Structures are given as structure tokens and as C-alpha cells.
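**Student:** No sequence on hand, only this structure:
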């Protein structure tokens, strides 16, 4: 009988077992967004998992939403991750980079760039974040133009190829938990009236473009997607969750999707005719 400790194939990866370490923001990078020796130690200590999904890594300067988080948008950052991936591989493990653009979640006081956050629409998230001086309200973000959207897609592609150069075995695109891709999906954060908003098809367009572009760059068998249907974290409200995610999943180029789909919301998230191209796991 197959057990969780038996080897398995996942896309292009051969895993020593079926245990996957979930990502967790750790805030241990340098001020310039580089990985550190302590991060290499941390991940190597956990390399007995079949697969490690890294903490969220910003694909661009403007994608950062938290203090002391790492990036993959400069040559120095790419080089710094090699100590981590080398340590994991030396211990017999596999690791993928989770690429996460925070969108409207963040605050200028948290990072040297002091940038204003961006989002599909100029709507501030309810709530506060922790700044060096204490809790502060989220600010109203700048709405991305269509040119900005195209640049953001290119940022994800560049970060994904940088991840491979840094020694990662693949990437996971973060499209959940109220960050940028999820903000485009949700109808309380995306009130655009162009082709990137409005209908379900419009709201799915940008996340689907990011994922498809990265899959073309790396091969779909090295690309995963994280989604979190009906998750209200970071002030997200979805009025059409079941229809939204059926359409979104149907647009994914990869054959397999791991999701925190809630069966109480809808026991059958797979679209009809998907032929097993996407699965809940």
C-alpha cells in the first residue's frame, strides 16, 4: 500500500516522499532583500520533506509588502538564494520559490523604497499593519494601468527565471490570501471597467496571464499555483466564489493545482470537461 513516505513524481520533480512543507513569512532577509546564511540553515534543517515551498518572495521592488522579506528581482538577490538551494539539495531535498506580490497590502514605512502600494483599483484594505512605530492603517493604493499590468507580468517571468538561476526546482505563484493576484480576482477589490475587471473573465485575466507567462518560461511542469477560494484574509470578499474558481482553474496551463478549497462551500471545484487537468490535493 502506498504511504505518505513513498516517493512520488510531481510535474518535473521526483520527490523522496509526499510531505510538503508549506510556506511561511519569516522576515529574516537583509534590508536589500537578500537571503542570509541563517535562512540556508533553516531550510536545510527541513530538507527531509519531499518538497519545500519557500516563504513569499517579491518579484519586484513594488511587490514587497512586509519588512525584511526576500526578493528575486536583482542579480544580488538571485546569487544570495544559491546558498539556500545548495544547502537543501545537499541534504537531499527539493525546494520551489513562492513568488508573491503583495499588491495593496503594505506600507511605505516598512521598506527602504518607501513605495506606495499598487492594486487593481484604488481601494484601501481595511485594517492595520505593524510599522516600526506601531500599528498603522493601510493606505489607498495606486491603481495599476494596463501598461503597469504588462510590466508586472514581465516581473513575474523575470523572477521565475531568476529562481531557476538561483537553483530552485520550480516556482509557486501565490494567487491567494488577499495579495495582488487574489485582489484582481475579488469583486470587492477589483472594480475596474476595462478588460481586467468587471466580469469573471475580466477579473481572471491578469492572474491567468501571469501564470501562463511563467509556465511558458519554465515549462508548466515546474510551476504551481496557490489559491484560497472564499478566504476573507486581507479584506477580501467574493460574491461568486464557485463560478469564479471554476473559470480560473479552467484557465490554468498546469495539470495539477493544490488548493485550500472548502468543500462546505462547494464539494466539486473542478470545472466540467477539465479531464483531470486540475485537481484539489
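**Tutor:** Alright, I've got the coordinates. Remember, it's a predicted structure, so these values are computed and weren't measured experimentally.

**Student:** Can you pull out the low-pLDDT segments for the stretch 151-281 of the chain?
**Tutor:** 254-281 (pLDDT under 70).

**Student:** now the strands: where do they sit in it?
**Tutor:** Taking DSSP state E, counting those that start in this stretch as the test, the strands found in the stretch 151-281 of the chain are 171-174, 223-227, 258-259.

**Student:** and those strands as a markdown table, adding distance to residue 146 and mean neighbour count?
**Tutor:** Where you see a C-beta, it was placed from the backbone N, CA and C, and this is true even at glycine. Shown next, in a markdown table, are those (distance: least, CB to CB, whole Å; neighbours: other CB atoms under 10 Å):
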| stretch | distance to residue 146 | mean neighbour count |
| --- | --- | --- |
| strand 171-174 | 20 | 26 |
| strand 223-227 | 23 | 24 |
| strand 258-259 | 29 | 18 |
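
**Student:** could you dump the ones you listed to TSV with distance to residue 189?
**Tutor:** Shown next, in TSV, are the strands of the stretch 151-281 of the chain (distance: least, CB to CB, whole Å):
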stretch	distance to residue 189
strand 171-174	15
strand 223-227	15
strand 258-259	20
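
**Student:** looking at these, which is closest to residue 33?
**Tutor:** For those, the distance to residue 33 is smallest for strand 171-174, at 16.4 Å, taking CB to CB.

**Student:** out of the strands of the stretch 151-281 of the chain, nearest to residue 155?
**Tutor:** Comparing those by CB to CB, strand 171-174 comes nearest, at 12.0 Å.

**Student:** so what secondary structure elements neighbour the closest one?
**Tutor:** If contacts are counted by 3 or more CB pairs under 8 Å, 6 or more residues apart in numbering; DSSP states H and E, strand 171-174 sits against strand 95-99, helix 146-165, helix 200-218, strand 223-227.

**Student:** Repeat the analysis, applying 7 Å as the threshold.
**Tutor:** Strand 171-174 is packed against strand 95-99, helix 200-218, strand 223-227, with contacts defined by 3 or more CB pairs under 7 Å, 6 or more residues apart in numbering; DSSP states H and E.

**Student:** Nearest to residue 127 among the ones you listed would be which one?
**Tutor:** That would be, of the helices and strands packed on strand 171-174 and by CB to CB, strand 223-227, which comes in at 21.3 Å.

**Student:** related to what we said a few turns ago, of all the strands of the stretch 151-281 of the chain, which lies closest to residue 62?
**Tutor:** strand 171-174 (15.4 Å).

**Student:** what does that closest one rub up against?
**Tutor:** With contacts defined as CB atoms under 7 Å, 6 or more residues apart in numbering, strand 171-174 is touched by 53, 56, 96-100, 160, 163, 181, 210-211, 214, 218, 222-226.

**Student:** how much distance is there from that strand to the middle of the chain?
**Tutor:** 4 Å (CA atoms, centre = their mean, to the nearest Å).

**Student:** now do stretch 18-34
**Tutor:** 12 Å.

**Student:** if we can go back for a sec, buried subset of the contacts of strand 171-174?
**Tutor:** Among the contacts of strand 171-174, those classed as buried by 16 or more other CB atoms under 10 Å are 53, 56, 96-100, 160, 163, 181, 210-211, 214, 218, 222-226.

**Student:** hmm, back to that, would you turn the helices and strands packed on strand 171-174 into TSV with distance to residue 251?
**Tutor:** Shown next, in TSV, are the helices and strands packed on strand 171-174 (distance: least, CB to CB, whole Å):
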stretch	distance to residue 251
strand 95-99	18
helix 200-218	4
strand 223-227	10
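
**Student:** Which one of these lies nearest to residue 126?
**Tutor:** So among the helices and strands packed on strand 171-174, helix 200-218 is nearest, using CB to CB, at 20.0 Å.

**Student:** by contact count, what packs against that closest one?
**Tutor:** Identification of packing neighbours for helix 200-218 by 3+ CB pairs under 7 Å, 6+ apart yields helix 146-165, strand 171-174, helix 180-185, strand 223-227, helix 241-251.
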